[in-house]
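Trainee: Requesting a structural model of the entry that follows:
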Amino acid sequence: MKTAIRALGFTLFVVGSSAAFEAHAVQTAYFNVGTAYLVDTNAKTKAAQVATSLGARSGRYTDSGTQRTINLTTPLSYEVFGDWTDCQVQQAWRRDIQTLTLKRLSGSAKKGQTAVVQSGVDVEIAGCNVGQVTPFGSPSDAGVTLSHLALSERPSMADVVPGTKWAGVHEDPYTPQEFFPGTMAADVVTWQSSGVLRFEKSGRSVPAAVNAEGWWALSLPGGERRYTRLSRDKATGAEVWLMGDFNGSQFTWASAWWVSPYRPSRGFGDVAAASRSWAHGLIPTEYFRNMYTDFSGDVYSYGGPDFGWTRQAGWTWQFSGLNINHSLETASMSRARPWEPVRRVGTAQWVMEEYRITSKIDGHILLSMPRRLMHYIDTGPAVKPTQAGATSLMRQSKEKEPAMAPEGLRLKALARDAVGGQVR
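Mentor: Next comes the predicted model:
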């Protein structure tokens, strides 16, 4: 059976590359966290250019009012892996995305919601039928529903000025990858009054400026990286930004994630204030972390209707200044998930976090999630389960949720093993 590729992690942009192209271009971003399309089309020539997390492409498009179809000159490609076959190899395909169909669902051309459909062919590259070509996708498919916004309607960048600090900015070189941010670590930066931007972890300082087009341009050693704000949610403080590397005429890749002002204040407060049930900002009905007043903790995640809820007990937590360090120790491995407070908006606590599993046998890293900006929702006090002898992994039946799940957290979506190709 072919393994499904999650649309949440795929990122795509269409961008202009010349003054002649841009003179007749209309730019609209189609986006969600971890997924974004910036469609830059030339209404006069019907040309389009595409930069993605997989590379850059050009194409042509047709438009029928609320539906736009972009045919790529060269497909965007990545690999899809499946099961082990009778041929004693793991089956694999190269997925070639040849066409993008954008179907407006609501709103106007400037703002609303759009279904984005990818279509093309899967070419078997490993298995029993190497070379076999199978079409996938159709313009009639439901696709993935995203928000869309004309770039002329973007929120202001007036607060992005020297003297401010920001979380979620990346300095790592980008390599082509299916999911974003993938292997790229995010950081906290200080934009100094001199106009120089300083990265907290590396200590590197680079020139930065907001240009006339509303992009925050950073002069990294490998070239120019650009950021611009797409949306703001006053209730949670969530800000989705576009980002990508710009080579002087076009983007060589582009994607979207959160960026936040850095205002840690008192962090999580005291033990009582931190001992809450924290729901994951991306999947609040599927994953939450309970922190108890005795510095122990549990993690609950939903594995879909076939697996139900899983409880991972045995976590501990402790303060380290304003930060909180989560850890889980077993005989063979050590898990660590530090949280650095970034900002608190209502019930949403924004943090810089990373996750690492290290072998106690030979010391090598079994799993690593690079540092990223994330937020967790305070759903109420965490009540420690009273049953004795709770196992470290407890699987609930698909009809039940854990008895200690916070009230109001009810499953609404199918399970995901990862979000944007990353560990939750």
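Trainee: ranges for the helices of the stretch 1-150 of the chain?
Mentor: Assigned by DSSP state H, counting those that start in this stretch, the helices in the stretch 1-150 of the chain fall at 19-22.
Trainee: so where's it shaky on pLDDT?
Mentor: 1-24 (pLDDT under 70).
Trainee: could you pull out the strands for it?
Mentor: Secondary structure of the stretch 1-150 of the chain, counting by DSSP state E, counting those that start in this stretch: strands at 12-14, 25-32, 35-42, 47-52, 55-63, 67-84, 90-107, 111-126, 133-136, 144-150.
Trainee: again, but for the stretch 251-400 of the chain
Mentor: Using DSSP E, counting those that start in this stretch, the strands of the stretch 251-400 of the chain run over residues 251-258, 260-261, 276-280, 287-291, 296-302, 309-320, 323-329, 333-345, 348-359, 365-381, 393-395.
Trainee: so can I have JSON lines of those showing distance to residue 96?
Mentor: C-beta here means a position set from N, CA and C on the backbone, and glycine is covered the same way. JSON lines is the format used below for the strands of the stretch 251-400 of the chain (distance: least, C-beta to C-beta, whole Å):
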{"stretch": "strand 251-258", "distance to residue 96": "18"}
{"stretch": "strand 260-261", "distance to residue 96": "36"}
{"stretch": "strand 276-280", "distance to residue 96": "33"}
{"stretch": "strand 287-291", "distance to residue 96": "33"}
{"stretch": "strand 296-302", "distance to residue 96": "33"}
{"stretch": "strand 309-320", "distance to residue 96": "36"}
{"stretch": "strand 323-329", "distance to residue 96": "41"}
{"stretch": "strand 333-345", "distance to residue 96": "37"}
{"stretch": "strand 348-359", "distance to residue 96": "33"}
{"stretch": "strand 365-381", "distance to residue 96": "29"}
{"stretch": "strand 393-395", "distance to residue 96": "39"}
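Trainee: any chance of those strands in CSV, plus mean pLDDT, distance to residue 161 and mean neighbour count?
Mentor: Compiled in CSV, the strands of the stretch 251-400 of the chain are given as follows (pLDDT from 0 to 100; distance: least, C-beta to C-beta, whole Å; neighbours: other C-beta atoms under 10 Å):
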stretch, mean pLDDT, distance to residue 161, mean neighbour count
strand 251-258, 87, 20, 25
strand 260-261, 98, 11, 20
strand 276-280, 97, 32, 23
strand 287-291, 96, 35, 24
strand 296-302, 96, 39, 22
strand 309-320, 96, 31, 17
strand 323-329, 97, 27, 17
strand 333-345, 97, 18, 20
strand 348-359, 96, 20, 20
strand 365-381, 94, 20, 18
strand 393-395, 39, 49, 13
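Trainee: nearest to residue 227, of the ones you listed?
Mentor: Comparing these by their distance to residue 227 (C-beta to C-beta), the top pick is strand 251-258, with 9.9 Å.
Trainee: follow-up on the earlier one: ranking the strands of the stretch 1-150 of the chain by burial, who's on top?
Mentor: With neighbours taken as mean count of other C-beta atoms under 10 Å, these reach their highest mean count in strand 12-14, at a mean of 27.
Trainee: Give me the number of neighbouring residues for the closest residue to residue 55 other than its chain neighbours.
Mentor: The shortest distance from residue 55 to any non-neighbouring residue, by C-beta to C-beta, 6 or more residues apart in numbering, is to residue 176 (5.7 Å). Residues lying near residue 176 (other C-beta atoms under 10 Å) number 13.
Trainee: just residue 202 next, same as before
Mentor: 11.
Trainee: phi, psi of it?
Mentor: Torsion angles at residue 202 (phi, psi; degrees, to the nearest 10) stand at phi -80, psi -20.
Trainee: wait, what's in contact with it?
Mentor: Taking C-beta atoms under 8 Å, 6 or more residues apart in numbering as the contact definition, residue 202 lies against 171, 187.
Trainee: Model confidence for it, exactly?
Mentor: On pLDDT, residue 202 comes in at 94.
Trainee: how much space is there between it and residue 83?
Mentor: Using C-beta to C-beta, to the nearest Å, residue 202 is found at 41 Å from residue 83.
Trainee: For the residue nearest to residue 365 when sequence neighbours are not counted, name its beta-bridge partners.
Mentor: Leaving out its chain neighbours, the residue that sits closest to residue 365 by C-beta to C-beta, 6+ apart is residue 358, at 5.6 Å. Beta-bridge partners for residue 358, by DSSP bridges, are residue 334, residue 365.
Trainee: residues in contact with residue 358?
Mentor: 333, 334, 336, 364, 365, 366.
Trainee: likewise residue 110?
Mentor: Going by C-beta under 8 Å, 6+ apart, residue 110 touches 28, 149, 150, 152, 153.
Trainee: Could you rerun that using 10 Å?
Mentor: For residue 110, the contact set (C-beta atoms under 10 Å, 6 or more residues apart in numbering) comprises 26, 28, 148, 149, 150, 151, 152, 153.
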